[in-house]
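Student: what's the 3D shape of this:
(chains A and B)
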Amino acid sequence: MYTSNAAVYIAGVGIISAIGNNTKACLHALEHYEAGIGPITSLLTIHKNILPVAEVKLSNKELAEATGLSEKISRTALLSMMAAKEAWEDAGLPHSKNLRTGFISANSVGGMDMSENFFAEFFNNPARGKLSQVVNHECGAVTELVADKLGIKHYVSTISTACSSSANSIFFAARLIKHNLLDVAIAGGTDALTKFTLNGFNTLQILDKDPCTPFDENRKGLNLGEGAGYIVLVSESVANEMKDKLYGKLSGYCNANDAHHQTASSPDGAGSFLAMKGALALSGLKASDIDYINLHGTGTYNNDISEGTAIQRLFEPTYPKMSSTKSFTGHTLGASGGIEAVFSALSVKHNFIYPNLRLHTPIQSLPFAAETVFQKNEKINHVLSNSFGFGGNCSSLIFSKL
Amino acid sequence: MKAYIHATGNISAQKTFGHPPLLQVLVEQSGNRMRCTEPDYSAFIDVKMIRRMSRIIKMGVAAAMECLQEAGVKNPDAIVTGTAYGCLEDTGIFLKKMVQQNEEMLTPTAFIQSTHNTIGGQIALLLQCHRYNNTFVHRGFSFESALLDAMMLLEEGNVNNVLAGSVDEITDISHAILSRFGLYKNGNVSNNSLYNDISGGSIAGEGAAFFLLTRDPSKNDYAVIDGLHTFYKPANIIEVSGQILSFLENISCKIDEIDLIIIGKSGDEAGDAIYTQIGQSVFANIPAIPYKNLCGEYPTSNGFALWLAAGIIKSGNIPSTLNTAITKKIKRVLIYNHYQNIHHSLLLLSAC
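Tutor: Residues are numbered from 1 along each chain as shown, chains lettered A, B, ... in the order given. Reported below is the predicted structural model:
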């Protein structure tokens, strides 16, 4: 039975990213303007020392020790486990048979970080290459490694809609709760840096050779990052038992398609406009109720003007504060919606507005500029978080204070 | 949660595209890899676009277009796709060049078409469909997750119809790797003798099946989906039986109301033992037919099974090419499939 007005609450959060191995460390970096973008150290690639990336500072061995998983499995799963475990422990819910618990994850290339090593041998001889390097190639296999380790069996699923993947996994999870199919869901996403994605984005000529400058007039592209971010969503009845622990609620969401080009966004931001508008409609809020927008803000010429134009169309004439935390974490692709959902949840709980680093000249054709200063004094009631991706997939989430 | 199957589009190893009479002639393929019988795509997709599209994109887009054409729907209210492996051919092309050219002189086409949501995105692009669009990639639950999403969307009431489908392809690379994992039979096999060869493994399959699902019934519907249930890594056969019985109880279906069970027997000795045990216990005396001899084994093969069940219910009969012993009119069909004994799914359909 679907209850359209049922509220879905955020009861736990977890992140690992280039700016910290847990939520506390990430927040510290945000507050102290410490970006995680730098030279490549782990990937064996010809782009080392040319393309900067936002790497998680732990090795696979260290991640394995921290999670109890094998270091030989995909880094995508190791990152996922770190953040999902943090979120789950933060919520502090019991493993109870009475709570129908699901794990809804997202990623863009599954276990590609291991697969791409396999193929170096395989392409020379199809009988060669260690099968252990491709056994977790599928996106869903990465999810199952973590679900099994967390002991979650009731419902598992995985979404892959490129850079909007984990925004979609979060609101799919919320809908499962509203349909009374789950009581609790850990939802978000993960992605590790891979040569495959680094080279792929490089062919598109949208990687900045310096740390990225989202929403700057002279922006030159994005920096790829890695990490994972999850939130624990709970139903009203579960939330009633844990009132003071809650971060806020997920009050709106919408998925729309730009239907313009496989990779590029439309000039007027048709898809992003519809996603933001739909999320507002579902939440019952007006545009003027939004206090802060966590932008998709990749730093590419195309994304930022398209997203900015859509914001202008929807919010004119009064604009909320906004910023792109990708100026800290890089673009973590399938993880970005999850990481930014955690930042948004913290924002509604603690009234934070995050700075947009390295902003020198705001985009001149837009009537607003991103925030450059960390703020914690204003009351933040509602935060809009945007995630847009290849395939025209655009999703927006709205987080609200309790 | 219910959904009416208003139209279908299916590209499979069988002659299924273009809605010919249901499986009048069966396609036999020898070897452990069943390829799709592909149509002339130019009737459905612009020739310039066909040239750029990989096989899985063409199959997915054409199956979706045929489904919409049958429905007489120009633009669906939502598009939901399930694919376990995604666009393997483009992934393989980009990987191979990256490895062999040492990351130099790469071009973007294969990369931008390698993302798992390419098929859903291409359908939206062709239709200029700005509405809900999602892609599920959870192995043997990919299609079932997509169906659940579609059924939830219909119940939520913001959409009247959803285009939902399953797409997976076999490539030379994936076949070589999955063969090394022991997923497929060796030696002299064919799909027509799949169940005679008692050994480990199955025959690799692929396919694209799309459905236009609607909230309300209308004339010429194929069938109605009464319920969908999945369960993950059951501990033993007792749990499997328990899950099946509680699913049927939850949707108020008595076992003797089921006219036919379509089972996911794949020819893999260990995996098929589950169907045998369930057939002798929970489903004793209910006729069952397999379907993977028609389409091969792949994580989203339930798309083919749903198409078959819908076709059988619409005609009321099992095609004589599949079975001549069951003569009663088929009004209610249960599909029970598992992939690798990890992903188990149940789908109940009824005549409208």
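
Student: Excluding chain neighbours, what is closest to whichever residue of the stretch 101-250 of chain B sits closest to chain A?
Tutor: Using CB to the nearest CB, the closest approach of the stretch 101-250 of chain B to chain A is made by B:G121 at 2.7 Å. Yep, even glycine has a C-beta here, placed from its N, CA and C like the rest. Closest residue in space to B:G121, ignoring its immediate chain neighbours: A:G391 at 2.7 Å, by CB to CB, 6 or more residues apart in numbering or on different chains.

Student: Likewise for A:P211?
Tutor: Counting by CB to CB, 6+ apart, A:P211 lies nearest to A:I37, which is 4.5 Å off, once chain neighbours are set aside.

Student: Surely the one you found touches A:G330?
Tutor: Yes. Judged on CB atoms under 8 Å, A:I37 makes contact with A:G330 at a distance of 5.6 Å.

Student: quick one, helices of chain B?
Tutor: Secondary structure of chain B, counting by DSSP state H: helices at B:47-52, B:55-71, B:88-100, B:109-112, B:118-127, B:142-156, B:172-180, B:237-250, B:269-280, B:292-295, B:302-315.

Student: which bits of the stretch 151-300 of chain A sit near chain B?
Tutor: Taking CB under 8 Å from any CB of the partner chain, the part of the stretch 151-300 of chain A that reaches chain B is made up of A:153-162, A:168, A:172, A:175-176, A:179, A:195-196, A:199-200, A:202-204, A:255-263, A:270-271, A:274.

Student: now the residue located most distally from the centre of chain B: how far from A:T203?
Tutor: In chain B, B:E104 marks the outermost C-alpha relative to the chain mean, sitting 38.1 Å out by CA atoms, centre = their mean. Look at B:E104 and A:T203: by CB to CB, to the nearest Å, they are 11 Å apart.

Student: List of residues touching stretch B:255-265?
Tutor: Contact with stretch B:255-265 is made by B:195, B:248, B:272, B:275, B:279, B:282-283, B:286-292, B:301-302, B:305, B:308-309, B:312, B:318, B:326, B:328-339, B:348, as judged by CB atoms under 8 Å, 6 or more residues apart in numbering or on different chains.

Student: circling back: just grab the bridge partners of the residue nearest to A:P211 for me.
Tutor: In this entry, A:I37 is beta-bridged to A:A54, by DSSP bridges.

Student: are any of the residues of the stretch 151-300 of chain A next to chain B buried, and which?
Tutor: Buried members of these, scored by 16 or more other CB atoms under 10 Å in any protein chain shown, are A:153-162, A:168, A:172, A:175-176, A:179, A:195-196, A:199-200, A:202-204, A:255-260, A:262-263, A:270-271, A:274.

Student: How many residues are close by the residue of the stretch 251-352 of chain B found nearest chain A?
Tutor: For the stretch 251-352 of chain B and chain A, the shortest gap (CB to the nearest CB) falls at B:I342, measuring 7.8 Å. Counted with other CB atoms under 10 Å in any protein chain shown, the neighbours of B:I342 add up to 15.

Student: What of the one 4 residues further on?
Tutor: For B:L346, the count of nearby residues is 21 (other CB under 10 Å).

Student: what's the distance between it and B:V240?
Tutor: In this view, B:L346 and B:V240 are 10 Å apart by CB to CB.

Student: can you check B:K96 too?
Tutor: The value you get for B:K96 to B:V240, if CB to CB is used, is 41 Å.

Student: returning to that earlier point: take the helices of chain B and write them to TSV, including mean neighbour count and mean pLDDT.
Tutor: As requested, the helices of chain B are exported to TSV (neighbours: other CB atoms under 10 Å in any protein chain shown; pLDDT from 0 to 100):
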stretch	mean neighbour count	mean pLDDT
helix B:47-52	11	91
helix B:55-71	24	98
helix B:88-100	21	97
helix B:109-112	22	96
helix B:118-127	26	97
helix B:142-156	26	98
helix B:172-180	17	97
helix B:237-250	15	98
helix B:269-280	15	97
helix B:292-295	26	98
helix B:302-315	26	98
